[in-house]
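Asks: no FASTA, just this:
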């Protein structure tokens, strides 16, 4: 029934494996930065990596959707999310195993990702993170909210 924008990002402390993912759903017509600041949600993950965290926060965010959504535009700086759809056929053909026959490290998350992709009409849009302010459009500014929220949550715990 509706088109929804989803912004996701994550920040990981490699040494501890602790990561914080942040996400924000934005109705297409609501793009006021001030109103959106209060709506960014954060989730803590353990034993994660940057690739794994991007998948985890994306899937977590999807599981919070309570309304009917026809189309989901996903904004992320994750190359992995953007390319995963293109890799689907090969991953499924190989039953999520590597060329050497080992099960892929994130196979469970990949399966969940594709199941979610089948539930929604999803379009992934790669955002270039950390642009200078003068080059940012509204989408970039919204993404920056999410990016800063995940980094701040991690810094507060790790005191980096």
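Replies: Everything's here; your move. Given the structure is predicted, the values throughout are model-derived calculations rather than measurements.
Asks: only C-alpha atoms from now on, for both contacts and neighbour counts.
Replies: OK.
Asks: list the residues that contact the residue of the chain most remote from its centre.
Replies: Taking Cα atoms, centre = their mean, the residue of the chain most remote from its mean C-alpha position is residue 100, at 28.8 Å. Applying Cα atoms under 8 Å, 6 or more residues apart in numbering, we find residue 100 in contact with no residue.
Asks: next SSE after the helix or strand in which residue 83 is found?
Replies: Using DSSP states H and E, residue 83 sits within helix 79-93. Per DSSP H and E, helix 79-93 leads on to helix 107-119 as the next helix or strand towards the C-terminus.
Asks: ok, residues contacting that next one?
Replies: With contact meaning Cα under 8 Å, 6+ apart, helix 107-119 is reached by 52, 55-56, 59, 62, 85, 88, 96-97.
Asks: longest helix of the chain, counting residues only.
Replies: helix 138-158 (DSSP state H).
Asks: helices or strands next to that one in the packing?
Replies: Other elements packing on helix 138-158 under the criterion 3 or more Cα pairs under 8 Å, 6 or more residues apart in numbering; DSSP states H and E are strand 3-13, strand 18-27, helix 33-37, strand 41-45.
Asks: let's see 7 Å
Replies: Identification of packing neighbours for helix 138-158 by 3 or more Cα pairs under 7 Å, 6 or more residues apart in numbering; DSSP states H and E yields strand 3-13, strand 18-27.
Asks: could you chop the protein up by domain?
Replies: As recorded under the TED database, the domains making up the chain are 1-48+68-77+127-149, 78-123.
Asks: winner for burial among these?
Replies: Highest mean neighbour count among the domains of the chain (mean count of other Cα atoms under 10 Å): domain 1-48+68-77+127-149, with a mean of 18.
Asks: mean confidence for that one?
Replies: For domain 1-48+68-77+127-149, the mean pLDDT works out to 88.
Asks: re the thing from before, next, the angle from the helix holding residue 83 to helix 107-119.
Replies: Relative orientation of helix 79-93 versus helix 107-119 (axes from the mean of the first three to the mean of the last three Cα atoms, to 10 degrees): 90 degrees.
Asks: what pLDDT does the model give the residue farthest from the centre of the chain?
Replies: pLDDT, residue 100: 94.
Asks: one more: residue 93?
Replies: Listed pLDDT for residue 93 reads 95.
Asks: what's near enough to touch it?
Replies: By Cα atoms under 7 Å, 6 or more residues apart in numbering, residue 93 lies in contact with nothing.
Asks: phi, psi for the residue farthest from the centre of the chain please.
Replies: Per-residue torsions, residue 100: phi -90, psi 0 (degrees, to the nearest 10).
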